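Colleague: For reference, the sequence and a predicted model appear below.
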Amino acid sequence: MSCITVQDRAVAINPTRSCAPIGTMLANYGVHGAITINHGSQGCATYPRHQMSRHFREPVEVATTSLTEKTTVYGGKSNLLAALKNVWERFHPTMIVVCSTCLSETIGDDVPGIIDEFVERHPEVTVPILSVKTPSYIGNHTTGFDNFLKEIAANLPDRRKKKGETNGKINMIPGWVNPGDIRELKHMLREMGLHGLWLTDYSETLDGGYYEPRPPFPRGGTTIEELRSSSKSLATIALQRYVGGEAARIYERRYNVPAHVLTMPIGLVNTDAFIDTLVEITDHTIPEALQVERARLLDALVDTHMYTTGLRVALYGDPDLLEGLVGLVAEMGMTPAYILTAADTAPWAERMLELTGELGVESEIILKGDLHELHKRIKAHPVDLLIGHSKGKFIADAENIPLVRVGFPVEDRFGYHRRAIVGYNGSIALVDEITNQVFERRASAIVSNTLLERGVEGPSQVPIPLRNGKVVV
Amino acid sequence: MKFKCNETLPERAIHIALKGPDGGCQRGDGSGCFVASNTATTPGDMTERGCTYAGCRGVVGGPVKDVIQLTHGPIGCAFFSWGYRPHLADSDFHMKYTFVSDMNETNIVFGGEKKLLQCIIEANREFPEARGVFIYNTCSTALIGDDGRDVAKQAEELIGKPVVFFECEGFRGVSQSMGHHVGNETIFRHLVGSVEPEGDFSRSINIIGDYNIKNDLRTFEYLFEALGIKILTRFTGNVSVEDLKIMHKAALNVVHCQRSATYIAEMMRDKYGTPYIDVTLWGIKHMSQALRDTAAFFGLEAEAEEVIAREVAAIQPRIEYYRQRLSGKTVFIYQGGPRAWHWIELLRELGMETMTAATTFGHDDDYQKIFRQLKEGALVVDNPNVPEIEEILHERRPDLFISGNKERYLAYKLGVPFVNGHTYDTGPYAGFVGMVNFARDIDKALHAPIWQTLRQRARPAPPEHHSPHGFEEVV
């Protein structure tokens, strides 16, 4: 039986999460030609840019209103008006998104009001200007992404929809994923003979190519026209509950676009649920290519089970990613000993409790957790594998445990943003990666202590010959 | 010099100048005045500047190796400033751990002082081996009026270790430069001189303004030691709290980064009478001069010449090799502050000429030093923004761009060779031996075969697949 723990410590030591504005910046990168203005101190734009550059290895541009002492005392209105004007005149973007910060929220700037005033003063600006509330003291980085999607869903879609009018597309909200994931999902939809309308699509804007000359805006991204027509889609599929789930429901309530909020499609069961939903919406049959991919995932799970069954793993990161990962981890026969998130969402924890129960694994589900807490648990009861973003490397190094890098940020390796972990293909890649990480460790002859101590049936009880002729049992 | 991208931003003209044929300053607005610097950024101009918190937590306070680095504020500030700048030390506690009071909405409404105190106590309980606590204030906690100083004082009594509170809210000042100032002042006020050690410090110096990026210290510490000079405290690369407490005992302050750390040297001069000298620890000429100046203070001129001759002879053949490969190349340097002028001479020693120099937060004295060293026709830009950088790379086509990680991928997208001057590609770059690393990295960047491939084989972007009405036709 799994249990839920809420970390009870005032100080956060090595947090697993960052703050809301970066979510809006990332999501807005998926709209072609859109620019984000961060209304706050310069660091609130520069730090996330730096972080995104290190993850995606791409130039990332975000404007800031550069608030200083003076503007903090008198309000940031003049700076925001100037920033809107400068960004418009210099770049002529297709959309401007203003995200707030702790600073602008605490001094109480009325961002929507300032935007209205700007639009009144500048009738020549015809592109949408949205305001997203992203103070860092509420929620985490996924909150900024989610709030952005809610603003898009509430403000952009065309309300003049004739009865039965449709664009024949499916609104796809992948949530906080990597460009590689979006490309894999596109592949799946294409194979199903479907067209996705992506909310939003940064698969190319944040994983672009080298072209001469450099295009003025990065290639790719969802267009404003597409976003406008999203009210006429056949359905909305949100693949993360806390990033886009609410936006999907807005589509359902306001525009009568049925919402399907699913678990992130990692692993066989979760991906099947996604494909089944597509079938249900469209009546299309599952194409040969996807059937083959599905069988290949099953084959990979069979091939690797002797190396992964019985391993204890620690998972940490965003709630939606964890929910998807638990599925695959359990399918591989591993026990997600610790499932740690920084969020404080009781419904999620209860669902995870139920899910782990159904999967027959015993986990400790830790809410409001940080990586120091995880490290302490691992020191007391070791695990064989860590799955999460780059910041877990300090635990991995200290305890000599392999780290499978997924999520955001992965800043100490190249190309992880190009890899997919969703769908059948993504899951296969992740199964391979996990298994190889286990091998990697054994190749250097450091046998999992936890396996030996706990006497779990598994490959590490087999004597391993070392290069120097000795044998480790 | 007019930038196309600045047509709608006339206020940027005063930050841009060319060096004229008579050595005069041809500023963008035609006034003949000198480049304007250290002024507020134009809102929405896509600046590269950071905030005061970044300057204090990231640059000055962050490298202190044995303290709990606690951010008083929301999670993001602590997450983004955690472990990205390789200010190494002989231990890695400061790189591996970040602490944050994790202010949530309730704390913002009801105040965070109690929580801060609890955080300090808990952090100290988790890491009793830490020798102190540095608390960095952020925008939100400053606005709600938390009295962090008072909390720090209470905590100091409770845990019996120095607890230092930095008032480095992000909105203070116009750039991260303010954060350096806050960092210097706070460390000076709280720590320097709080212990009076016994011993003879007549032959000891402090290295001020080196942050041990990728172990820079290893490239020049041994040179000073070879002269018989002891390095008492490094401000703040590879430094412990105990070192900071006794740094006032040094006979001389040797100031390397003259933007972020002259403050503390001046404060020590005024309070303790410790003289300071300005040095540059990059490049053959500058490094030699630094050793000569330091040695002259102690009357060790002969020893210095001996060390310089030995070291220069050791690297000369390799520098000569690279000089031949790099001669005649032009460079665009864009650094935080002083590195732009530190490296003009170094690059000349490698046969390269800086034709554009820019800084994020340089002050007037930095630009004077840059301008003095540049050749005619060179361009100076203060606080350049992304479109300006892109235009410089595109229009002036430097052979090499030296800047930081954020700008790296912009340079790459435009096919311009790049070396990371902020955190180094494969550093360290300081001292004599570091210069060989620098030259090697420049050589790698310039002569990588990929540039040839790009020139010969890159193609224009294919047309976007979007149909005029915004979405693909459904078949």
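Modeller: Great, that's in hand. Residues are numbered from 1 along each chain as shown, chains lettered A, B, ... in the order given.
Colleague: Where does whichever residue of the stretch 101-250 of chain A sits closest to chain B fall, secondary structure wise?
Modeller: Per C-beta to the nearest C-beta, residue A:225 is where the stretch 101-250 of chain A lies closest to chain B, at 2.4 Å. Every C-beta, even on glycine, is put in place using the N, C-alpha and C of the backbone. If you go by DSSP states H and E, residue A:225 is part of helix A:224-228.
Colleague: what does the average pLDDT come to for that helix?
Modeller: Helix A:224-228 carries an average pLDDT of 95.
Colleague: Quick check: residue B:241 touching residue B:190?
Modeller: No: the pair residue B:241 / residue B:190 is not scored as a contact, 10.0 Å apart, by C-beta atoms under 8 Å.
Colleague: tell me the phi and psi of the one residue sitting closest to the centre of chain B?
Modeller: Centre of chain B computed as the mean C-alpha position; nearest residue by C-alpha atoms, centre = their mean is residue B:336, 5.6 Å away. Dihedral angles of residue B:336 (phi, psi; degrees, to the nearest 10) stand at phi -60, psi -60.
Colleague: Could you tell me how far it is located from chain A?
Modeller: Remark: distance between residue B:336 and chain A (C-beta to the nearest C-beta, to the nearest Å) = 12 Å.
Colleague: leaving aside the residues next to it on the chain, what's closest to that residue?
Modeller: Excluding the flanking residues, the one nearest residue B:336 by C-beta to C-beta, 6 or more residues apart in numbering or on different chains is residue B:360, at 5.0 Å.
Colleague: quick one, what contacts that neighbour?
Modeller: Contact partners of residue B:360, counting by C-beta atoms under 8 Å, 6 or more residues apart in numbering or on different chains, are B:48, B:49, B:50, B:175, B:176, B:334, B:335, B:336, B:337, B:383.
Colleague: mind running it again at 7 Å?
Modeller: Remark: with contacts taken as C-beta atoms under 7 Å, 6 or more residues apart in numbering or on different chains, residue B:360 is in contact with B:48, B:49, B:175, B:336, B:383.
Colleague: so which of these would you say is closest to residue B:248?
Modeller: Within the contacts of residue B:360, distances to residue B:248 taken as C-beta to C-beta reach their minimum at residue B:336, with 27.4 Å.
Colleague: Surely the closest one and residue B:359 touch.
Modeller: Yes: under the contact definition of C-beta atoms under 7 Å, residue B:336 touches residue B:359, with a separation of 6.4 Å.
Colleague: Tell me where the model's unsure across chain B.
Modeller: B:465-475 (pLDDT under 70).
Colleague: And residue B:266, how far from chain A?
Modeller: According to C-beta to the nearest C-beta, residue B:266 and chain A sit 23 Å apart.
Colleague: so where does that residue fall, helix or strand?
Modeller: Here residue B:266 sits within helix B:262-272, counting by DSSP H and E.
Colleague: list the helices and strands the following helix or strand past that helix packs on?
Modeller: As assigned by DSSP H and E, the chain's next helix or strand after helix B:262-272 is strand B:276-278. Contact partners of strand B:276-278 among helices and strands, from 3 or more C-beta pairs under 7 Å, 6 or more residues apart in numbering or on different chains; DSSP states H and E: strand B:252-255.
Colleague: Any chance you could list what contacts stretch B:313-322?
Modeller: With contacts defined as C-beta under 7 Å, 6+ apart, stretch B:313-322 is touched by B:350, B:432, B:433, B:435, B:436, B:439, B:440, B:443.
Colleague: picking that back up, which residues are in contact with both of residue B:241 and residue B:190?
Modeller: Common contact partners of residue B:241 and residue B:190 (C-beta under 7 Å, 6+ apart): residue B:162.
Colleague: Please name every helix or strand in contact with the host helix or strand of residue B:155.
Modeller: Per DSSP H and E: residue B:155 is located in helix B:148-159. In terms of contacts (3+ C-beta pairs under 7 Å, 6+ apart), helix B:148-159 is packed against helix B:113-126, strand B:132-137, strand B:163-166.
Colleague: Contacts for it next, please.
Modeller: Contacts of helix B:148-159 (C-beta under 7 Å, 6+ apart): B:72, B:113, B:116-117, B:120-121, B:124, B:133, B:135, B:137, B:162-165.
Colleague: Then stretch B:172-187?
Modeller: A:68-69, B:38-41, B:49-56, B:59-61, B:164, B:166-168, B:244, B:259-261, B:263-264, B:360-361.
Colleague: Please list only the buried members of those.
Modeller: Among the contacts of stretch B:172-187, those buried by neighbour count (16 or more other C-beta atoms under 10 Å in any protein chain shown) are A:68, B:38, B:41, B:49-56, B:59-61, B:164, B:166-168, B:244, B:259-261, B:263-264, B:360-361.
Colleague: Keep only those of those residues that are in helices.
Modeller: When DSSP state H defines the helices, the subset of the buried ones among the contacts of stretch B:172-187 inside them is B:52, B:53, B:244, B:263, B:264.
Colleague: Isn't the first one up against residue B:168?
Modeller: Yes: if you go by C-beta under 7 Å, residue B:52 and residue B:168 touch, sitting 4.9 Å apart.
Colleague: before we move on, back to that, switch the contacts of stretch B:313-322 over to JSON lines; also include distance to chain A.
Modeller: Below are the contacts of stretch B:313-322 laid out as JSON lines (distance: C-beta to the nearest C-beta, whole Å):
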{"residue": "B:350", "distance to chain A": "27"}
{"residue": "B:432", "distance to chain A": "31"}
{"residue": "B:433", "distance to chain A": "27"}
{"residue": "B:435", "distance to chain A": "27"}
{"residue": "B:436", "distance to chain A": "26"}
{"residue": "B:439", "distance to chain A": "25"}
{"residue": "B:440", "distance to chain A": "21"}
{"residue": "B:443", "distance to chain A": "22"}
